[in-house]
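Visitor: Curious how this folds, go ahead:
(chains A, B, C and D)
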There are 2 protein chains.
Amino acid sequence: MTESTRESTRDRLVSAAYDLFDERGYDATTVEAVAERAGVGRTTFFRAFRSKDDVVLPDHAAVLARVAARLDAVAATAPPAAVATGVVEAAHLVLAHYLAEGDRARARYRLTRTVPALRQREVAGLQAYQRLFREFFRGRVGDGEAGEVRAEVLAAGVVTAHNHVLRRWLRTEEVGSSETTAALDRALADVLRLFAPAPGGGARVVVLEADGDVDDVVREVRAALEP
Amino acid sequence: MTESTRESTRDRLVSAAYDLFDERGYDATTVEAVAERAGVGRTTFFRAFRSKDDVVLPDHAAVLARVAARLDAVAATAPPAAVATGVVEAAHLVLAHYLAEGDRARARYRLTRTVPALRQREVAGLQAYQRLFREFFRGRVGDGEAGEVRAEVLAAGVVTAHNHVLRRWLRTEEVGSSETTAALDRALADVLRLFAPAPGGGARVVVLEADGDVDDVVREVRAALEP
DNA sequence: GCCGTCATGGTACGCAGTACCGATGACCGA
DNA sequence: TCGGTCATCGGTACTGCGTACCATGACGGC
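Guide: Predicted coordinates:
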């Protein structure tokens, strides 16, 4: 059988699975029932998907690979601005995929909310993204043990912020895509700013908010830096 | 009563499981074999543990409850210093549990590294901690949508930093407990400092590193704050 | 037309997890 | 001491996921 028809059976299996999960629920739906509705045998299902829950997240690997490719495109010596751009654009890749999916993404969200096995599966998927970003940040946010921790924490922050915005979109139906994109940018900027290296290179200072007097802030900085 | 029956059935099952997992591997060990070595029936195993992988993380729920209790002890109006202390002490509870476990914790680490199902289970456990810290930080690190994101990102940072230090201890055998405790404090301070509100209340400034001249830093702060 | 090659589907099996039920034994009041 | 009650245990049977194996048929090269 050719490649195109193999893909179509895969798609038919996904559609059949989502339909049945919606009708009877995840646990009450057997793999055999999904295969039967898709018009294939049970064996074919397990050839297309490694497990029953794999059919719920069919293109996780593909999106992950696209994110990895976008991050790989950033040179090791890239300046901070290019690093930030790479992160933001990688995040946009994921968001764009969800926005394109539309209703199916929302159906999956409902499933992962209610079925513990699928929730675990989804969290494991997030972990894969986090590992990607951790490797990406390694060496870019400091050296030594502190740098390692910072890279991992930053990666967790990026993934968490993205996931937060994504969940917000999935939860509420009236939020537009442009609004969601803007919210993602804001959230990512909030996270990335925390770890932004200072232009001078000697010290790293982050100003989160500046409602008070500037002199107070300066005094505070001096107190923190001078022994 | 003999020595073996004085130990609770649950503990006997855990020991039998870890022994067999070490001898034959996780997948090659059946629940029936574990129950048989523990001297009980298969039904009793499933009465003590909800699933096969539950026996690998037997006191996850207990440690989680202790952490929750420690965080609950922090008043909603507690000052930032008390908030930070609560977080650090809660993290120390988890670390202390691992240090007390010793070899079993290392055996579990090896298992979670090699068996995919157990790795998924472990990250799901981390998610539970993260949810706890998220609720704890909610309302303490800002209001509105930005505050929500920040609470979740901060929770992810705390859990990630803790997990990083913990994994480092699990990986290398020569690291002492006091050294690990110090590393945990450092890592948590690094994370918490990012979100620490300024004492003055008007501005928030974070000094991550200060290798350069103090005047340079001050100039930088002024440049960032003054429009 | 004949023969590899590969996707398919069917069969059988192991094992996790659940439901049910009878047996055992501890505890307690009479 | 006896009998009743109740909880815990172990055994049995069942569903369903996931895997291994094998026969079949379609396709393409020779």
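
Visitor: tell me the mean pLDDT over stretch A:38-47?
Guide: In this model, stretch A:38-47 has a mean pLDDT of 96.

Visitor: Could you chop chain A up by domain?
Guide: According to automatic domain parsing, chain A comprises the domains A:3-55, A:60-194.

Visitor: So the first one, near DNA strand C or not?
Guide: Right, domain A:3-55. Yes: Domain A:3-55 is in contact with DNA strand C by Cβ under 7 Å from any atom of the strand, via A:5-6, A:9, A:39-44, A:47. Glycine gets a C-beta too; all of them are placed from N, C-alpha and C.

Visitor: ok so, going back, may I see the domains of chain A arranged in TSV, with distance to DNA strand D and mean neighbour count as well?
Guide: What follows is these, written out as TSV (distance: least, Cβ to the nearest atom of the strand, whole Å; neighbours: other Cβ atoms under 10 Å in any protein chain shown):
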stretch	distance to DNA strand D	mean neighbour count
domain A:3-55	3	16
domain A:60-194	8	17
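
Visitor: Kindly reformat those domains as CSV containing distance to B:Leu118.
Guide: Shown next, in CSV, are the domains of chain A (distance: least, Cβ to Cβ, whole Å):
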stretch, distance to B:Leu118
domain A:3-55, 16
domain A:60-194, 11
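
Visitor: Tell me which of these lies nearest to B:Ala28.
Guide: Proximity to B:Ala28 (Cβ to Cβ) singles out domain A:3-55 among those, at 19.4 Å.

Visitor: right, and the secondary structure at the most centrally placed residue in chain A would be what?
Guide: What sits nearest the mean C-alpha location of chain A, by Cα atoms, centre = their mean, is A:Val159, with 5.2 Å. Secondary structure, DSSP: H, G, I helix; E, B strand; the rest coil: A:Val159 is helix.

Visitor: From DNA strand C, how far out is A:Ala33?
Guide: 13 Å (Cβ to the nearest atom of the strand, to the nearest Å).

Visitor: which residues touch that residue?
Guide: A:Leu20 (Cβ atoms under 8 Å, 6 or more residues apart in numbering or on different chains).

Visitor: same question, A:Val63
Guide: Contacts for A:Val63 (Cβ under 8 Å, 6+ apart) come out as A:93-94, A:97.

Visitor: just those now: which is nearest DNA strand C?
Guide: Nearest to DNA strand C out of the contacts of A:Val63 is A:His97 (Cβ to the nearest atom of the strand; 25.3 Å).

Visitor: isn't the closest one right next to A:Asp59, touching?
Guide: Yes: assessed by Cβ atoms under 8 Å, A:His97 is found in contact with A:Asp59 at 7.5 Å.

Visitor: anything in stretch A:118-133 near DNA strand C?
Guide: No: counting by Cβ under 7 Å from any atom of the strand, DNA strand C has no neighbours in stretch A:118-133; the shortest distance is 11.5 Å.

Visitor: still on that earlier bit, let me know whether the residue nearest to the centre of chain A touches A:Gln130 as I believe.
Guide: Yes: with contacts counted by Cβ under 8 Å, A:Val159 reaches A:Gln130, the gap being 4.7 Å.

Visitor: Give me the secondary structure label for A:Glu145.
Guide: Using three-state DSSP, the structure places A:Glu145 in helix.

Visitor: now it: how far from A:Asp19?
Guide: Distance of A:Glu145 to A:Asp19, given as Cβ to Cβ, to the nearest Å: 51 Å.

Visitor: now A:Lys52
Guide: A:Lys52 sits at a distance of 15 Å from A:Asp19 (criterion: Cβ to Cβ).

Visitor: same thing with A:Thr9?
Guide: From A:Thr9 to A:Asp19 the distance is 15 Å (Cβ to Cβ).

Visitor: How about A:Ala183?
Guide: Remark: distance between A:Ala183 and A:Asp19 (Cβ to Cβ) = 31 Å.

Visitor: Chain B next: which of the residues of domain A:3-55 next to DNA strand C are close?
Guide: The subset of the residues of domain A:3-55 next to DNA strand C lying close to chain B, counting by Cβ under 8 Å from any Cβ of the partner chain, is empty.

Visitor: Widest-spaced pair of these?
Guide: Top of the distance list for the residues of domain A:3-55 next to DNA strand C (Cβ to Cβ): A:Thr5 and A:Arg42, 18.8 Å.

Visitor: Just the angle for the helix or strand hosting A:Val149 relative to helix B:144-171, thanks.
Guide: Using DSSP states H and E, A:Val149 maps to helix A:144-171. Orientation check (axes from the mean of the first three to the mean of the last three Cα atoms, to 10 degrees): helix A:144-171 against helix B:144-171 gives 140 degrees.

Visitor: just checking, what packs against helix A:144-171?
Guide: Secondary-structure packing of helix A:144-171 (3 or more Cβ pairs under 8 Å, 6 or more residues apart in numbering or on different chains; DSSP states H and E): helix A:80-101, helix A:103-114, helix A:116-137, helix A:177-194, helix B:144-171, helix B:177-195.
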